[in-house]
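K.L.:
When you get a sec, could you give me coordinates for this:
(chains A and B)
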There are 2 protein chains.
Amino acid sequence: MKRVRVRLRALEDRSYPICIGAGILHRLPRELARLCPAARYAVVTDARVARLYGRALRRDLRRRGLHADLIAFPAGERYKTRRTKERVEDALVRLGHGRDSAILALGGGVVGDLAGFVAATYQRGIPYVQIPTTLLAMLDASVGGKTAIDHPAGKNLIGAFHQPRAVWADVSVLRTLPARQLRSGLAEAVKHAAVADLGLLKFLDRRGADLRALSPRALERLVERNCRIKAAVVMRDERESGFRQILNFGHTVAHALETAAGYRLLHGEAVAIGMAVEATLSERLGGLSAGGRDRLLCLLESLGLPGRLPRRLDPRRVLAATYTDKKARLGRPLYALPRRLGHPPAWNGRPVRPVEDRQVLQALRDLLS
Amino acid sequence: MKRVRVRLRALEDRSYPICIGAGILHRLPRELARLCPAARYAVVTDARVARLYGRALRRDLRRRGLHADLIAFPAGERYKTRRTKERVEDALVRLGHGRDSAILALGGGVVGDLAGFVAATYQRGIPYVQIPTTLLAMLDASVGGKTAIDHPAGKNLIGAFHQPRAVWADVSVLRTLPARQLRSGLAEAVKHAAVADLGLLKFLDRRGADLRALSPRALERLVERNCRIKAAVVMRDERESGFRQILNFGHTVAHALETAAGYRLLHGEAVAIGMAVEATLSERLGGLSAGGRDRLLCLLESLGLPGRLPRRLDPRRVLAATYTDKKARLGRPLYALPRRLGHPPAWNGRPVRPVEDRQVLQALRDLLS
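P.N.:
Residues are numbered from 1 along each chain as shown, chains lettered A, B, ... in the order given. Just a heads-up that it's a prediction; the model follows:
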């Protein structure tokens, strides 16, 4: 098992381990007393993951004499809502959970975001452990302490920063993940590589097929490497006031696509298209070389990720949706555009910059299917 | 103007000033750029305070060229709900507020708790300033960073710790506060005195009439002294894991009363009755002397505060309601019972202790009207 430790600022009590391995899920119950001691545990998950792993986890917890409940909500981003949060909270109340309870967030990014946000505000905050079951959540969502629910006006509009006590990533569970979801997860790895790690870019070039074939060693290494990148960035900037914005590469367009396309795209797919659009933008603005942009687009294609806008999506609608992004300051959406692959975006010393509407529109049009 | 500074742990950026004075509300707009810089401000308040002070504050903000909106919800604890929080959030979205906005929480404890909680989770947290307009909020609710909404199963069940950038307490606004509310606020001052400051107890004995007659000097001194006590306790224990529990004196019973009596009691009234019950408990358990208990009950009476349970309230219902208190660990409600007036509760080195049901029931019965 590999371990990465995230330390935030000077507060030792807010650092936490990320444990990565193949077949480690059944070992979690015996580690919990140390990782996240609590009087009671509530496994919060979605209906699909409850069937696959949730019931077994509850059983394993109970076998070790731990008090464990299972709270499941319907699967899908469209359930990442205030209503679902309320239902989970109501279940916690009904089952008698108090300030001495802890949540085990078992699932993909939706579960992690929602269950983490429940943990952030239940009784003004209870501890939780992230148990990501998608590649995307392992690489990205479970590091950084961002929790949230969606609002009709935009994704993740309501949320909190709440660091987990631990992240427990068992890459074996990825064998039940649909291939489309697995590919979608690789998009965040491409993003990390593009803004921080040329070596990871080469690893993805070389081991893309092994990753898609679920090689445990390749997956462990991928997850570890990505967690290290994310953790390093988060440690440098816990509250996303500055440097962490480099991780928004592809995301200004991706969030707009998700808003405009009504969640028909997976998040990683939207990020892949977003990176293609933003790499194109970067090239137009004198950032990336044509070769750099093309290398990124080829990597996306070789990993089975989309690099073009879905048909029938009006670029003007996508542009309009960038203005509801919560990172828009003073009404101007900002873009984290790398200038060299593998290096943090920097424009006049800042990781993000605004871009003229017509430039964005042109890049979107260039990439229409 | 008096200033108290709250510093939390080692994090300098989370310390904030508490500014106290008579007639200082109109000076806030010119101080905001320094206290809480933001691109836009949203004054969040209730309908009653909006009429009295909210519109004038918005006008004063706009006169200084600041972007200011006013968001008001109906007055009363029964509006401290998820629905109200959603409506305030929806208004913020509709009015175009982003991560660079700040909230001005203008009102009593309900407004402070709810608007503070909105600030804690809007776009994963935006800054806010507490502008308390009740004595209770000035003395207590605006220090410590506790924000929350109520849940049908209990008060403040959903919330977060979110420190304000500043507290701005203008004691002149208390002249529009109903006398019953003013007295209710004095209950928290009695609590602070009982667990931390014998000098404050004497001040309340001596200046009670001046306080009820709204002497600005007496009020300023009262607010300052109480903020210092609360700030000292909070600084020692930001997350309420230990020492801060001394501030729960009277509150285990008070929260149960509020649950059982359906919010017909003001919070301070419930706290006054709660202190009378818990002082009686302390005496029975060998803590307070009979003289100490009587002195406390006399002070409550001289301040016009209730010291007995409302008629027709079943003590068994109150006892049952103590078990839904969110501070109950492993199902046993804990009590912060002072052993000597003016000194922090300490039982076997801990600020709180469990008490047998029959003892609680007996104390409740002793204090039936």
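K.L.:
May I see the buried residues of the helix or strand where A:A321 lies?
P.N.:
For A:A321, the host element (DSSP states H and E) is helix A:315-322. The neighbour-count check on helix A:315-322 (16 or more other C-beta atoms under 10 Å in any protein chain shown) flags A:P315, A:V318, A:L319, A:A321, A:T322 as buried. (Glycine included, C-beta is placed from N, CA and C.)
K.L.:
Now it: average pLDDT?
P.N.:
The average pLDDT within helix A:315-322 is 93.
K.L.:
could you dump the buried residues of helix A:315-322 to a markdown table with distance to B:E278?
P.N.:
Output for these, formatted as a markdown table (distance: C-beta to C-beta, whole Å):
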| residue | distance to B:E278 |
| --- | --- |
| A:P315 | 66 |
| A:V318 | 60 |
| A:L319 | 61 |
| A:A321 | 55 |
| A:T322 | 56 |
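K.L.:
Which of these lies at the shortest distance from A:I229?
P.N.:
Distance to A:I229 across those (C-beta to C-beta) is lowest for A:T322, with 25.4 Å.
K.L.:
Pull up the gap between that closest one and chain B, please.
P.N.:
13 Å (C-beta to the nearest C-beta, to the nearest Å).
K.L.:
I'd assumed A:V360 was in contact with that residue.
P.N.:
Yes. At 6.9 Å, A:T322 counts as touching A:V360 under the criterion of C-beta atoms under 8 Å.
K.L.:
which neighbours do the two share?
P.N.:
Residues touching both A:T322 and A:V360 by C-beta atoms under 8 Å, 6 or more residues apart in numbering or on different chains: A:V253.
K.L.:
helices or strands next to the helix holding A:A321 in the packing?
P.N.:
Under the contact criterion of 3 or more C-beta pairs under 8 Å, 6 or more residues apart in numbering or on different chains; DSSP states H and E, helix A:315-322 touches helix A:251-260, helix A:357-366.
K.L.:
Next SSE downstream of that helix?
P.N.:
strand A:334-335.
K.L.:
Partner strands of that following strand and their direction?
P.N.:
Each strand paired with strand A:334-335, and its direction, by DSSP bridges: strand A:353-354 (antiparallel).
K.L.:
tell me the most buried of the helices and strands packed on helix A:315-322?
P.N.:
helix A:251-260 (a mean of 26; mean count of other C-beta atoms under 10 Å in any protein chain shown).
K.L.:
now what about that one, what contacts it?
P.N.:
A:154-155, A:265, A:267, A:270-271, A:273-275, A:277-278, A:309, A:313-314, A:317-322, A:324-325, A:327, A:333-336, A:360, A:364.
K.L.:
what about the longest helix seen in chain A, near chain B?
P.N.:
Counting residues, the longest helix found in chain A (DSSP state H) is helix A:216-236. No. On the criterion C-beta under 8 Å from any C-beta of the partner chain, helix A:216-236 is out of touch with chain B, staying 13.6 Å away.
K.L.:
picking that back up, report the buried members of the contacts of helix A:251-260.
P.N.:
Buried among the contacts of helix A:251-260 (16+ other C-beta under 10 Å): A:154-155, A:265, A:267, A:270-271, A:273-275, A:277-278, A:309, A:313, A:318-319, A:321-322, A:324-325, A:327, A:333-336, A:360, A:364.
K.L.:
Same list (the helices and strands packed on helix A:315-322) but as CSV, adding distance to A:R180.
P.N.:
Output for these, formatted as CSV (distance: least, C-beta to C-beta, whole Å):
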stretch, distance to A:R180
helix A:251-260, 16
helix A:357-366, 23
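K.L.:
Just the closest of the buried residues of helix A:315-322 to chain B, please.
P.N.:
A:T322 (13.0 Å; C-beta to the nearest C-beta).
K.L.:
In contact with the closest one, which residues?
P.N.:
Per C-beta under 8 Å, 6+ apart, neighbours of A:T322: A:T252, A:V253, A:H255, A:A256, A:A328, A:P333, A:V360.
K.L.:
which residue packs closest to the second one, ignoring adjacent ones?
P.N.:
With sequence-adjacent residues excluded and distances taken as C-beta to C-beta, 6 or more residues apart in numbering or on different chains, A:V253 is closest to A:G274, at 3.7 Å.
K.L.:
same deal with A:L35?
P.N.:
Distance criterion C-beta to C-beta, 6+ apart; nearest residue to A:L35, sequence neighbours excluded, is A:A166 at 4.3 Å.
K.L.:
How much space separates that neighbour from chain B?
P.N.:
Per C-beta to the nearest C-beta, A:A166 is found 19 Å from chain B.
K.L.:
Kindly report the same for A:D366.
P.N.:
Distance, A:D366 to chain B, by C-beta to the nearest C-beta: 29 Å.
K.L.:
and if you look at A:R30?
P.N.:
Taking C-beta to the nearest C-beta as the measure, A:R30 falls 22 Å from chain B.
K.L.:
Settle this for me: that residue is touching A:R63, isn't it.
P.N.:
No. In this structure A:R30 lies outside contact range of A:R63 using C-beta under 8 Å: 10.1 Å.
K.L.:
so which helix or strand takes in A:I273?
P.N.:
Going by DSSP H and E, A:I273 is part of helix A:267-284.
K.L.:
A:I71 too?
P.N.:
With DSSP H and E as the criterion, A:I71 is inside strand A:68-73.
K.L.:
Starting from that strand, tell me which strands it pairs with and how they run.
P.N.:
Using DSSP bridges, strand A:68-73 pairs in its sheet with strand A:40-46 (parallel).
K.L.:
Can you pull out the residues in contact with the next helix or strand after the partner strand?
P.N.:
Per DSSP H and E, the first helix or strand lying C-terminal to strand A:40-46 is helix A:47-49. Identification of contacts with helix A:47-49 by C-beta under 8 Å, 6+ apart yields A:A72, A:F73, A:P74, A:A75, A:L106, A:G107, A:G108, A:V111, A:T133.
K.L.:
All good on my end, thank you.
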